Structure formats: structure tokens, C-alpha cells
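A.B. asks: Task: produce atomic coordinates for the following.
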Amino acid sequence: MGSIVINSPKVELWSTSSTEEVEAVIRAVYKQVLGNAHLLESERLVTGESQLRDRQISVRDFVRIVAKSEIYRTRFFESTAPYRFIELNFKHLLGRAPLDQTEVSEHIRRTVESGYDAEIDSYIDSPEYQASFGENTVPYYRGNSSQVGQKQVGYNRIFGLVRGVAESSSSVKSSQLVYSVATNSTAKIKSPSVIGSTEKRFKILVQGGSGKFNNPLRRTTTEYIVPASNMTPQIQRINRTSGKIVSITEIV
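C.D. replies: Numbering: from 1, shown residues only. I've put the predicted structure just below:
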């Protein structure tokens, strides 16, 4: 497999930026936030673009407009699995993969309880976004494992989300990191041609969370045998019942 470069160049908007440079910023926001998807002329967010050109809004504001647009919602929220939606929000808005199961579960709960807009805002209004991109830098893939707060496991996982310069986020509907995040393990770096080529099965051990009538003092352990294609909805069901995933192992 050829090498995949996941560090993206910084694209910034300055008060002295030329017209051409502003247009480059707009293109970069569309490319990053929409996951390299082809954008029709009729789909462009002309009001937001105009406001950015006139400096009425910042790049961060424009990123929010694109992420809350019907285009983003249709492509990445309504037509993908819940875990995939969260993965893509991390990828598009923070330039990284989720670090652990707690982080993913938090965002799933926010989406369910507070709604789509609150989920999008949680990334763009976060201290991490502000520290990484500020008001006028387009989000980009942060592939350097030496970053503060990043571990090698997070560096490897971004390879599972960024499949090269020609990759489009909308071409993959299912979660790419559900197993590695749930087990806090390193994602295997695989070429696109082998992803999903074999249906594997996994054993999930869950502690507690069996139902609201259970004795809270009794710690029960439940075992689930789940095919890879059903991992996302099964883990989502476990999260809804407040179960704690003890382990996920592949059945050989």
C-alpha cells in the first residue's frame, strides 16, 4: 500500500487576503467540512460565502454554516450510521479521530438529547477547536502524533478515516472505528480494497445495563455475539441501557 499523507496545509484568512485568497478559503472549507465531496453550483451556500467575503463573519462562522447546512445533514447525518456520523464530525470539524468510547458516547447522547445543532456546536465551540484553528483557520487533518493530547492510537485511527486525497467521506456509510474505539485499541491500517471484504464476528462482554428493573447492587455480565456489520447498532443499544463494555474480542 502506498503512503497516505494526512497532514493538511493550513489555509487562513487574513485582513489583507486578496479576492483570490478568500475564494481559496471558501473552497478549502467546503472540501474539509464536506469531506472532499463534489459540490454542485446550486448547492453552494451563497449567503454565507458573501458574508465571509465582506468579513461580516469569520471562517469559524462559515464552518458552522456549512456543518449545519442541509447538504451536510443529508449526506452525513440522515444517510449514515450513528457512529459514522460522530466519526465524521470529528474528522471534518476537529481534524482527528475520536480518542475513546467515552468521547463517542458523549456525542451520541448529545445528539439524541439536545439535537443536531447542539452536536455540531459542541465541536466548533470547544476549547480544542479554538486552540487548534481559532477564528480564521480552516480545520485540517492533524496527523502529527506528537501533538499535545494526542496518542499514537489516535494517530493510527485517523488513517481509518482519511483514505487519501481522492477519498470522499460520503462514499462510506458505516463506522470505520467502532471496534478500536470501543476496546481502546489501535486501529489496523488497511488499504481501501480490503475494508469490509470479510464479515467477521465479535464477542462483546457487557457489565450491567440489562434493564431498569434490575437490582442495582447486582453486577451482571452479558455476552453478545455480533457480526461486524451490526457492531454500531449493538453498541448503541448497550450505551442506551447504561451498560459498560468490558471487552470486545474477535471470534476466530
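
A.B. asks: Could you use CA atoms for every contact and neighbour count after this?
C.D. replies: Noted.

A.B. asks: Val226 - that's part of a strand, no?
C.D. replies: Yes - according to DSSP: H, G, I helix; E, B strand; the rest coil, Val226 belongs to a strand.

A.B. asks: Who does it form a beta bridge with?
C.D. replies: Residues in a beta bridge with Val226, per DSSP bridges, are Phe202.

A.B. asks: Test my guess that Phe62 contacts Arg53.
C.D. replies: No - with contacts counted by C-alpha atoms under 8 Å, Phe62 stays clear of Arg53, the gap being 10.5 Å.

A.B. asks: More neighbours: which of these two?
C.D. replies: Phe62 (23 against 18; other C-alpha atoms under 10 Å).

A.B. asks: in the protein, which spans are helices?
C.D. replies: Remark: helices assigned in the chain by DSSP state H are 19-33, 46-53, 59-67, 70-72, 82-89, 101-114, 116-124, 127-133, 152-161, 178-182, 231-240.

A.B. asks: so how far is Ser132 from Asp125?
C.D. replies: Separation of Asp125 from Ser132 (C-alpha to C-alpha, to the nearest Å): 12 Å.

A.B. asks: actually Ala37, sorry about that
C.D. replies: 24 Å.

A.B. asks: for Glu103, same thing?
C.D. replies: From Glu103 to Ser132 the distance is 18 Å (C-alpha to C-alpha).

A.B. asks: Between the two, which has more neighbouring residues?
C.D. replies: Just comparing Glu103 and Ser132: by other C-alpha under 10 Å the higher neighbour count belongs to Ser132, 15 against 12.

A.B. asks: since we're on Glu113, how many residues are nearby?
C.D. replies: Neighbours of Glu113 under the rule other C-alpha under 10 Å: 11.

A.B. asks: for Gln56, same thing?
C.D. replies: Residues near Gln56, counting by other C-alpha under 10 Å: 10.

A.B. asks: and stretch 100-114, C-alpha only, in PDB?
C.D. replies: Listed next in PDB are the C-alpha coordinates belonging to stretch 100-114 (Å, rounded to 0.1, in the frame of the first residue of the first chain):
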ATOM      1  CA  ASP A 100     -12.100   6.800  23.300                       C
ATOM      2  CA  GLN A 101     -15.500   5.300  23.800                       C
ATOM      3  CA  THR A 102     -16.500   7.900  26.400                       C
ATOM      4  CA  GLU A 103     -15.900  10.700  23.900                       C
ATOM      5  CA  VAL A 104     -18.100   8.900  21.300                       C
ATOM      6  CA  SER A 105     -20.900   8.100  23.800                       C
ATOM      7  CA  GLU A 106     -21.000  11.700  25.000                       C
ATOM      8  CA  HIS A 107     -21.600  12.900  21.400                       C
ATOM      9  CA  ILE A 108     -24.200  10.300  20.700                       C
ATOM     10  CA  ARG A 109     -26.100  11.300  23.900                       C
ATOM     11  CA  ARG A 110     -25.800  14.900  23.000                       C
ATOM     12  CA  THR A 111     -27.300  14.300  19.500                       C
ATOM     13  CA  VAL A 112     -30.200  12.300  20.900                       C
ATOM     14  CA  GLU A 113     -30.900  14.600  23.900                       C
ATOM     15  CA  SER A 114     -30.100  18.000  22.500                       C
END
